[in-house]
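Engineer: coordinates only, no sequence provided:
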């Protein structure tokens with residue numbers, strides 16, 4: 001008897017519906033066809049044990065399981081439950097109704113328990129798009145799927161729960177999540193705040209500019225000057241995630257298996273801080289079974305690379321293309337997947353191996369040439385993609401003990417949001433551009449026009465400070481953001497002057 005159930009496969013952050021066909025006939029062997037990987041092939045052993053411990057039996061006949069379409073690779077253990085229900089129905093051990101109306105997902109343990117799976121949110125989105133009535137899945141994944149409107153979501157703990165549901169012999173509690181309420185409830189739920197940081201007003205200003213224009217930044221300063229503390233607070237001043245951004249970010253973390261049983265939507269911008277020993281595959285994504293890397297997990301948020309020169313050069317170089325295109329394509333012989341990777345890069349580094357080059361009180365003990373050698377670990381092409389070079393100095397004792405209450409993140413964020421509104425209006429005819437940092441060179445020339453006084457200032461700065469040619473466009477982008485923060489239609493000389501000071505590493509004399 002031929003029975004069909006439905007599962008799903010995830011490629012990148014999109015899902016494809018898989019039809020599971022089971023036919024039982026005369027014979028003795030079991031077959032799974034349709035390009036299954038080892039985890040899928042092993043499912044029949046898990047199913048046999050789960051059926052036995054649940055009071056059912058595995059038919060001693062020829063069982064053919066086909067996973068269609070047959071030209072798509074099937075990976076993982078999420079097909080266990082759908083295959084088990086199809087086998088029980090095909091062997092007439094149960095009568096199952098409405099099998100074609102539901103997606104069935106879940107890994108079976110040997111005692112019939114249902115274990116959680118990855119990638120539930122994109123699967124639920126695709127199920128709703130294709131008109132399925134609902135989805136049966138592990139209870140641990142139920143809230144994640146329930147954020148999709150128009151889809152009945154039933155979480156189960158055991159194989160018997162699914163059998164009873166399809167046999168109309170039991171009722172399951174439907175999992176429901178009010179997406180709007182869930183989104184708004186935790187939209188500003190941060191544990192950190194810029195009010196925690198005493199002093200460092202110039203660094204806060206630089207990070208406000210970075211947030212307002214979506215600019216990448218590098219913080220250069222001695223140990224203990226507050227680089228990490230400041231970087232961790234950048235997400236608190238970024239504009240809140242929109243519902244669309246929240247869903248897209250959640251899909252990536254769902255595919256990577258980073259969501260907990262109580263999570264439904266990611267409502268705050270991600271902050272990822274990988275260690276400097278990370279591999280290039282872990283950073284940008286990939287593997288035999290491609291998974292999103294840290295740059296995709298930081299999508300719509302912040303990627304923080306502390307101790308930048310300590311990262312392997314090859315690891316840093318693979319970031320160059322994603323920083324430009326804001327996505328990463330992972331290609332294999334049979335397929336390729338795309339992961340979004342639109343993030344603000346914040347890097348931090350010491351100015352030299354000992355950490356005290358240009359320190360106001362302590363002497364640098366590095367040998368001649370060591371500073372330049374240390375800085376050269378970070379390639380020019382990578383620095384070319386970083387708009388703000390921010391020198392961080394130690395906090396003075398008087399600032400640390402000051403009774404003045406620093407400005408809260410919420411106040412800074414309100415200014416950032418206003419600047420972003422100006423940019424949204426500017427780029428409304430360019431749907432792929434959302435902020436000043438994403439402007440092309442052609443758009444910089446058209447949008448970032450300066451007057452004669454501005455040209456004279458920029459010329460003088462480039463000649464006297466020894467700024468490189470690559471600094472020119474970066475200065476214009478940053479000055480446009482500063483003008484937006486001031487509500488100015490034109491880029492004034494004061495905006496240019498402030499932008500010029502954020503090109504420390506372009507100065508030929510900086511490492512002397």
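Structural biologist: On my side now, so go ahead. Note that the structure is predicted; figures quoted are calculated from it, not measured.
Engineer: CA only for contacts and neighbour counts going forward, please
Structural biologist: OK.
Engineer: the helices in the stretch 151-300 of the chain, which residues?
Structural biologist: 159-166, 179-185, 201-213, 227-232, 243-255, 280-284, 294-297 (DSSP state H, counting those that start in this stretch).
Engineer: by mean pLDDT, show me the worst of those.
Structural biologist: Of all the helices of the stretch 151-300 of the chain, mean pLDDT reaches its minimum on helix 179-185 (a mean of 74).
Engineer: residues contacting that helix, please?
Structural biologist: By C-alpha atoms under 8 Å, 6 or more residues apart in numbering, the surrounding residues in contact with helix 179-185 are 147, 148, 243, 265, 266, 267.
Engineer: and the end-to-end length of stretch 351-369?
Structural biologist: Terminal residues of stretch 351-369 lie 13 Å apart, using C-alpha to C-alpha, to the nearest Å.
Engineer: ok, stretch 458-477 next?
Structural biologist: Terminal residues of stretch 458-477 are spaced 13 Å apart (C-alpha to C-alpha).
Engineer: could you pull out the buried residues of that stretch?
Structural biologist: 458, 461, 462, 465, 467, 471, 473, 474, 475, 476, 477 (16 or more other C-alpha atoms under 10 Å).
Engineer: quick check, the third one in contact with residue 455.
Structural biologist: No: the pair residue 462 / residue 455 is not scored as a contact, 10.5 Å apart, by C-alpha atoms under 8 Å.
Engineer: show me what the longest helix seen in the chain is packed up against.
Structural biologist: Longest helix of the chain, by residue count under DSSP state H: helix 409-426. The helices and strands touching helix 409-426, judged by 3 or more C-alpha pairs under 8 Å, 6 or more residues apart in numbering; DSSP states H and E, are helix 201-213, helix 471-486.
Engineer: residues in contact with the last one: which ones?
Structural biologist: For helix 471-486, the external contacting residues (C-alpha under 8 Å, 6+ apart) are 209, 212-213, 215, 384, 387-388, 415-416, 418-419, 422-423, 436-437, 439, 441, 444, 448, 489-492, 495-496, 498-500, 503, 506.
Engineer: which among those residues end up buried?
Structural biologist: Here, 16+ other C-alpha under 10 Å leaves 209, 212-213, 215, 387-388, 415-416, 418-419, 422-423, 436-437, 439, 444, 448, 490-492, 495-496, 499-500, 503, 506 buried among the contacts of helix 471-486.
Engineer: just to revisit the earlier point, let's have the contacts of helix 179-185 in JSON lines, adding neighbour count and distance to residue 361.
Structural biologist: Shown next, in JSON lines, are the contacts of helix 179-185 (neighbours: other C-alpha atoms under 10 Å; distance: C-alpha to C-alpha, whole Å):
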{"residue": "147", "neighbour count": "24", "distance to residue 361": "55"}
{"residue": "148", "neighbour count": "23", "distance to residue 361": "58"}
{"residue": "243", "neighbour count": "16", "distance to residue 361": "49"}
{"residue": "265", "neighbour count": "28", "distance to residue 361": "48"}
{"residue": "266", "neighbour count": "22", "distance to residue 361": "44"}
{"residue": "267", "neighbour count": "23", "distance to residue 361": "43"}
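Engineer: what's the farthest-apart pair in the residues you listed?
Structural biologist: Pairwise distances across these peak at 15.1 Å for 148 and 267 (criterion: C-alpha to C-alpha).
Engineer: okay, and the helix or strand of this protein with the least pLDDT?
Structural biologist: Least confident helix or strand, the chain: helix 397-400 with a mean of 68, by mean pLDDT, DSSP states H and E.
Engineer: for residue 21, which non-adjacent residue is closest in space?
Structural biologist: residue 4 (4.6 Å; C-alpha to C-alpha, 6 or more residues apart in numbering).
Engineer: how close does that neighbour sit to residue 277?
Structural biologist: From residue 4 to residue 277 the distance is 47 Å (C-alpha to C-alpha).
Engineer: ditto for residue 295
Structural biologist: 15 Å.
Engineer: neighbour count for those two, which is higher?
Structural biologist: Neighbours per residue, other C-alpha atoms under 10 Å: of residue 295 and residue 277, the larger number sits with residue 295, 32 against 10.
Engineer: about what we covered before: of the helices and strands packed on helix 409-426, which is nearest residue 402?
Structural biologist: helix 201-213 (13.2 Å).
Engineer: closest to residue 133 out of the contacts of helix 179-185?
Structural biologist: Nearest to residue 133 among the contacts of helix 179-185, counting by C-alpha to C-alpha, is residue 148 at 12.0 Å.
Engineer: let me see the backbone angles for the closest one.
Structural biologist: When quoted as degrees, to the nearest 10, the phi and psi of residue 148 stand at phi -90, psi 120.
Engineer: what sits against it?
Structural biologist: Residue 148 touches 121, 124, 125, 128, 179, counting by C-alpha under 8 Å, 6+ apart.
Engineer: out of these, which are inside helices?
Structural biologist: Per DSSP H, these map to helices at 121, 124, 125, 128, 179.
Engineer: how about these, which pair is most distant?
Structural biologist: The widest separation within these (C-alpha to C-alpha) is 15.0 Å, between 128 and 179.
Engineer: now do the SS call for residue 86.
Structural biologist: helix (DSSP: H, G, I helix; E, B strand; the rest coil).
Engineer: pretty sure it sits against residue 7.
Structural biologist: No: contact between residue 86 and residue 7 fails when scored by C-alpha under 8 Å: they sit 11.4 Å apart.
Engineer: overlap in contacts of these two?
Structural biologist: Common neighbours of residue 86 and residue 7 (C-alpha under 8 Å, 6+ apart) are residue 20.
Engineer: in the protein, which residue sits furthest out from the middle?
Structural biologist: In the chain, counting by C-alpha atoms, centre = their mean, residue 26 sits farthest out from the average C-alpha position, at 50.0 Å.
Engineer: number of residues surrounding the residue nearest to residue 25 when sequence neighbours are not counted?
Structural biologist: Among residues not flanking residue 25 along the chain, residue 62 sits closest, at 5.3 Å (C-alpha to C-alpha, 6+ apart). Using other C-alpha under 10 Å, the number of residues around residue 62 comes to 15.
Engineer: list the contacts of residue 62.
Structural biologist: 24, 25, 26, 27, 28, 29, 30, 31.
Engineer: could you redo the last one with a cut-off of 7 Å?
Structural biologist: Residues counted as contacts of residue 62 (C-alpha atoms under 7 Å, 6 or more residues apart in numbering) are 24, 25, 26, 27, 28, 29, 30.
Engineer: as TSV, those with distance to residue 273 and secondary structure would be great.
Structural biologist: Shown next, in TSV, are these (distance: C-alpha to C-alpha, whole Å; DSSP: H, G, I helix; E, B strand; the rest coil):
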residue	distance to residue 273	secondary structure
24	52	strand
25	55	strand
26	57	coil
27	56	coil
28	53	coil
29	50	coil
30	47	strand
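Engineer: weed out the non-buried ones from these.
Structural biologist: residue 24.
Engineer: which regions of the protein lie under the pLDDT threshold?
Structural biologist: 169-170, 186, 261-262, 333-334, 397-401, 469-470, 506-512 (pLDDT under 70).
Engineer: buried stuff in stretch 318-330?
Structural biologist: Quick answer for stretch 318-330 (16+ other C-alpha under 10 Å): 318, 319, 320, 322, 323, 326, 327, 328, 329, 330.
Engineer: same thing with stretch 212-231?
Structural biologist: For stretch 212-231, by 16+ other C-alpha under 10 Å, it's 212-223, 225-228, 230-231.
Engineer: who touches the closest residue to residue 178 other than its chain neighbours in this structure?
Structural biologist: Excluding its sequence neighbours, the residue lying closest to residue 178 (C-alpha to C-alpha, 6+ apart) is residue 147, at 7.0 Å. Counting by C-alpha under 7 Å, 6+ apart, residue 147 makes contact with 177, 179, 264.
Engineer: please look at residue 294 and residue 281 and confirm they touch.
Structural biologist: No: counting by C-alpha atoms under 7 Å, residue 294 does not reach residue 281; the two are 9.2 Å apart.
Engineer: more neighbours: which of those two?
Structural biologist: Taking other C-alpha under 10 Å, residue 294 and residue 281 do not tie; residue 294 has more neighbours (22 against 16).
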